[in-house]
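here's my sequence, what's the structure:
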Amino acid sequence: MGLETAALVAVGGLGVAQYQQQGATGKFNQSVQNRNAQVAEQEAAQMEKQLEFDLARFDQRFQQLQGQTTTRIAKTGVDFSGTGLRVLRANAEQGEIEKNIMEYNSKVGQARKFEEANFYRIQGQVARLTARSAQMSTIMSTGKSLLGMGGFPTGSQAGDRQYTDY
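Reported below is the predicted structural model:
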């Protein structure tokens, strides 16, 4: 095997190795981003569970508050048809507002996590496409090098040669 043939094999081998490494890197980066997306979705699910827990604790504390308020009203001897009833109703209305705020904030947080997951998936797709682009570039540059080493004109060399018919 001549020196020129060995050089052709070496350049071709290096091109193939680089091509494979770029593909592996793209797949790895995409898998990392997909994992990040899964984590974000798990965090969104955890937010839903946390909301359920927080609402249950809120309801428990609210019932205690309403019970204490009822006891205090009864101790004062006030009739439950007037001011006492208005206090209990105001507490109930404020409690519903607080629960609605908790639910809203949780849903906003979950939506952000789902968008974060989508963004991670997009980044993974971009990483994979970037790797494919690099692979195509490697194929082209390796091919150009092999053609140039084989005595074929490449790029501007092809335009520099003048062919004449005699």
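
count of neighbours near the residue lying closest to M102 once chain neighbours are set aside?
With CB to CB, 6 or more residues apart in numbering as the criterion, M102 has its nearest non-adjacent residue at 5.9 Å, and that residue is D54. C-beta here means a position set from N, CA and C on the backbone, and glycine is covered the same way. D54 has 15 neighbouring residues, counting by other CB atoms under 10 Å.

list the contacts for the spatially most central residue of the chain?
Nearest to the mean C-alpha position of the chain, by CA atoms, centre = their mean, lies Y120 at 2.3 Å. Neighbouring residues of Y120 by CB atoms under 8 Å, 6 or more residues apart in numbering: Q33, N34, N36, A37, A40.

swap in 6 Å and give it another go.
Residues near Y120 by CB atoms under 6 Å, 6 or more residues apart in numbering: Q33, N36, A37.

quick check: the first one touching I122?
Looking back up the chat, that one is Q33. No - contact between Q33 and I122 fails when scored by CB atoms under 6 Å: they sit 8.2 Å apart.

returning to that earlier point: and which of the contacts of Y120 is nearest Q135?
Nearest to Q135, judged by CB to CB, of the contacts of Y120 is Q33 at 18.6 Å.

gap between the closest one and L88?
Separation of Q33 from L88 (CB to CB, to the nearest Å): 53 Å.

kindly report the same for A10.
87 Å.

ok, those two, which is more surrounded?
Higher neighbour count among A10 and L88: L88, with 16 against 11, using other CB under 10 Å.

what's the weakest-modelled helix or strand in the chain?
Lowest on mean pLDDT, DSSP states H and E among the helices and strands of the chain sits helix 156-160, with a mean of 53.

rewinding a little: which one's more surrounded, Q33 and I122?
Neighbours were counted for Q33 and for I122 using other CB under 10 Å; Q33 has more, 21 against 12.

for the more buried one, which non-adjacent residue is closest in space?
G124 (3.1 Å).

in what helix or strand does that neighbour lie?
Using DSSP states H and E, G124 sits within helix 83-149.

ok, K49 - how many residues close by?
Neighbour count for K49, taken as other CB under 10 Å: 10.
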